[in-house]
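Chemist: got a predicted structure plus its sequence, pasted below:
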Amino acid sequence: MARPVGEVSLALLRAAAELQTAERAPTMRELAHHAMVGVESANVAVKNLKRTGRLLRVRLRNVPHRTRPVAEYAPAPDPQADQVAGDEPRHGHGWVDLGRCVAGWAR
């Protein structure tokens with residue numbers, strides 16, 4: 001039976017957060033093993049998570065079962081955590097209208 005949509009990605013992100021340390025991050029196989037998902041579905045989900053920016057490749061590591069180094073992954077930092085209270089992001093509220101006005105002037 002198949003898992004619900006997005007469950008594999010959430011399980012892999014949770015596994016990445018649990019397995020990450022300062023000197024070592026999990027590989028794709030370690031993520032799949034810890035999240036208890038198949039390697040093929042983990043491979044597809046990791047590619048999608050990298051593409052959307054929710055998972056980052058942090059370094060390469062040599063492992064015994066490969067001749068080439070494998071990538072280590074870590075969850076991306078939350079962009080909302082960096083904002084100070086009262087600090088409005090550039091992509092919110094009035095910035096969109098200002099961008100349209102400036103674009104109209106350039107025509």
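Modeler: Good, I have the coordinates.
Chemist: make it CA atoms for all contacts and neighbour counts henceforth
Modeler: Noted.
Chemist: which helix or strand contains Ala42?
Modeler: For Ala42, the host element (DSSP states H and E) is helix 39-52.
Chemist: how far out from the middle of the chain is the very next helix or strand once past that helix?
Modeler: The helix or strand immediately downstream of helix 39-52 is strand 55-61, counting by DSSP H and E. Taking Cα atoms, centre = their mean, to the nearest Å, one finds strand 55-61 lying 11 Å from the centre of the chain it belongs to.
Chemist: same deal with stretch 46-54?
Modeler: Taking mean C-alpha positions (Cα atoms, centre = their mean), stretch 46-54 and its chain are 5 Å apart.
Chemist: alpha carbons of it, as CSV, please.
Modeler: Taking Å, rounded to 0.1, in the frame of the first residue of the first chain, the C-alpha atoms of stretch 46-54 are listed here in CSV:
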residue,chain,number,x,y,z
VAL,A,46,15.6,13.9,-1.8
LYS,A,47,15.9,15.2,-5.4
ASN,A,48,12.6,17.1,-5.0
LEU,A,49,13.5,18.4,-1.6
LYS,A,50,16.9,19.7,-2.9
ARG,A,51,15.1,21.3,-5.9
THR,A,52,12.7,23.2,-3.6
GLY,A,53,15.4,24.2,-1.2
ARG,A,54,14.1,22.4,1.8
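Chemist: hmm, back to that, so what secondary structure elements neighbour the helix holding Ala42?
Modeler: helix 7-19, helix 28-35, strand 55-61 (3 or more Cα pairs under 8 Å, 6 or more residues apart in numbering; DSSP states H and E).
Chemist: just the mean pLDDT for the second one, thanks.
Modeler: In this case it means helix 28-35. For helix 28-35, mean pLDDT rounds to 96.
Chemist: what lies in contact with that helix?
Modeler: For helix 28-35, the surrounding residues in contact (Cα atoms under 8 Å, 6 or more residues apart in numbering) are 8, 11-12, 14-16, 38-39, 42-43, 46, 71-73.
Chemist: hmm, 7 Å instead?
Modeler: 11-12, 15-16, 38-39, 42-43 (Cα atoms under 7 Å, 6 or more residues apart in numbering).
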